[in-house]
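A.B. asks: Predicted model and sequence below, questions to follow.
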Amino acid sequence: MIKLLEQFDGSDLRKSHYSEAILSHLDAYGTGFDFCRFYEVSEKKRIGIISVFNGSVTTDFLSGAKISRAVCREIAEFVDFQQPYSVELPRELVLAKGFSGYSSKERVFFDVPPSGSADGVTVPDPEAVFKTVYSEGGDYGLWLTDTMRRVNMGLSRLCGYESAVLTVRFMRGGSAYITDVATPPEDRGRGYAAKLLGGVSALLAAEGLSAYLAAPPESAGYYRRLGCPEFALDRIFIKKQ
């Protein structure tokens, strides 16, 4: 059974990337917004949590939960009803056939080791970050509203080095998740992103946080060349256009 939670404090979630992503939405918005909702997955007792946030679904199971095929089927039906843009969840919760109407994209998770110095790391202009990351377009207003809320609450950060940019999407449980690493095409190959990643990781390490990111297979070689240790694989599901 999947039911909407009117109150949710996240206290029973396990330590994982998916749970931290869910909790990052809770930290930023709580349970009082229609665009940020939390659901319980249960079989006699709670075994998982689903968050629905701005057209995306993130799901995780609780520590020690036994996952049945019926639970996976119910999550698939939930996704079919909600029709989110993306679905992020551990492979244990995915049926072999995936989700109808969605393409599966593999991700490789890497730790990001700190470099010796954070010299040159700046706080870039949000508009410049958006244009660099989303050069093919996107909803700037929606992105700006969410990003700056999280930044102003101390939950996220925008970082830059020269023209390279990245977002520290959330910082929780001793870890920091880095997303949207990008450099304008005309400046690629100059080492800006590498210096940015190492410098930001050094800043985070000084605060007791270990940095990590997820990359598609076509970008994985870049992070391997930087010496980033690979530690996990998963799949994210994107709605077909």
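C.D. replies: Ah, there it is.
A.B. asks: Report how many residues lie close to Pro216.
C.D. replies: 11 (other Cβ atoms under 10 Å). Yep, even glycine has a C-beta here, placed from its N, CA and C like the rest.
A.B. asks: what do you get for Asp119?
C.D. replies: The local packing of Asp119 (other Cβ under 10 Å) involves 10 other residues.
A.B. asks: Can you give me every residue that contacts it?
C.D. replies: Gly199 (Cβ atoms under 8 Å, 6 or more residues apart in numbering).
A.B. asks: Determine the three-state secondary structure at it.
C.D. replies: Classification of Asp119 by DSSP: H, G, I helix; E, B strand; the rest coil places it in coil.
A.B. asks: Just the buried positions in stretch 54-73, please.
C.D. replies: Buried positions in stretch 54-73, judged by neighbour count with 16 or more other Cβ atoms under 10 Å: Asn54, Ser56, Val57, Thr58, Thr59, Asp60, Phe61, Ala65, Ile67, Val71, Cys72.
A.B. asks: How about residues contacting that stretch?
C.D. replies: The contact list for stretch 54-73 (Cβ under 8 Å, 6+ apart) reads 12-14, 16, 18-19, 21-22, 25, 35-36, 41, 43, 46-51, 75, 78-79, 82, 84-90, 92-95, 142, 146.
A.B. asks: Kindly report the same for stretch 211-223.
C.D. replies: Contacts with stretch 211-223, where a contact means Cβ under 8 Å, 6+ apart, come from 17, 105-112, 114, 168, 175-179, 181, 197, 200-201, 204-205, 228, 230-231, 234.
A.B. asks: so how far does it reach from one end to the other?
C.D. replies: Length of stretch 211-223, first residue to last, Cα to Cα, to the nearest Å: 13 Å.
A.B. asks: Kindly report the same for stretch 179-195.
C.D. replies: End residues of stretch 179-195 are separated by 15 Å (Cα to Cα).
A.B. asks: Check stretch 128-146 too.
C.D. replies: Stretch 128-146: ends 16 Å apart by Cα to Cα.
A.B. asks: Now do that stretch: distance to the chain's middle.
C.D. replies: Centroid separation for stretch 128-146 versus its chain: 16 Å, with Cα atoms, centre = their mean, to the nearest Å.
A.B. asks: list the buried ones in it?
C.D. replies: So, applying 16+ other Cβ under 10 Å, buried residues of stretch 128-146: Val129, Phe130, Lys131, Thr132, Val133, Trp143, Asp146.
A.B. asks: Could you do stretch 99-117 as well?
C.D. replies: Buried, per 16+ other Cβ under 10 Å, within stretch 99-117: Phe99, Tyr102, Arg107, Val108, Phe109, Phe110, Asp111, Val112, Pro113, Pro114, Ser115.
A.B. asks: Could you chop this structure up by domain?
C.D. replies: Domain assignment for the chain by automatic domain parsing gives 2-100, 108-239.
A.B. asks: To which secondary structure element is Phe130 assigned?
C.D. replies: Assigning secondary structure by DSSP states H and E places Phe130 in helix 126-133.
A.B. asks: After that helix, heading C-terminal, what element do we hit next?
C.D. replies: By DSSP H and E, the next helix or strand past helix 126-133 is helix 140-152.
A.B. asks: for that next one, packing partners?
C.D. replies: When contacts are defined as 3 or more Cβ pairs under 8 Å, 6 or more residues apart in numbering; DSSP states H and E, helix 140-152 packs onto helix 17-29, helix 126-133, strand 157-161.
A.B. asks: go again using 7 Å as the cut-off
C.D. replies: helix 126-133 (3 or more Cβ pairs under 7 Å, 6 or more residues apart in numbering; DSSP states H and E).
A.B. asks: Run the angle between the helix it packs on and helix 140-152 for me.
C.D. replies: Interaxial angle of helix 126-133 relative to helix 140-152 (axes from the mean of the first three to the mean of the last three Cα atoms, to 10 degrees): 120 degrees.
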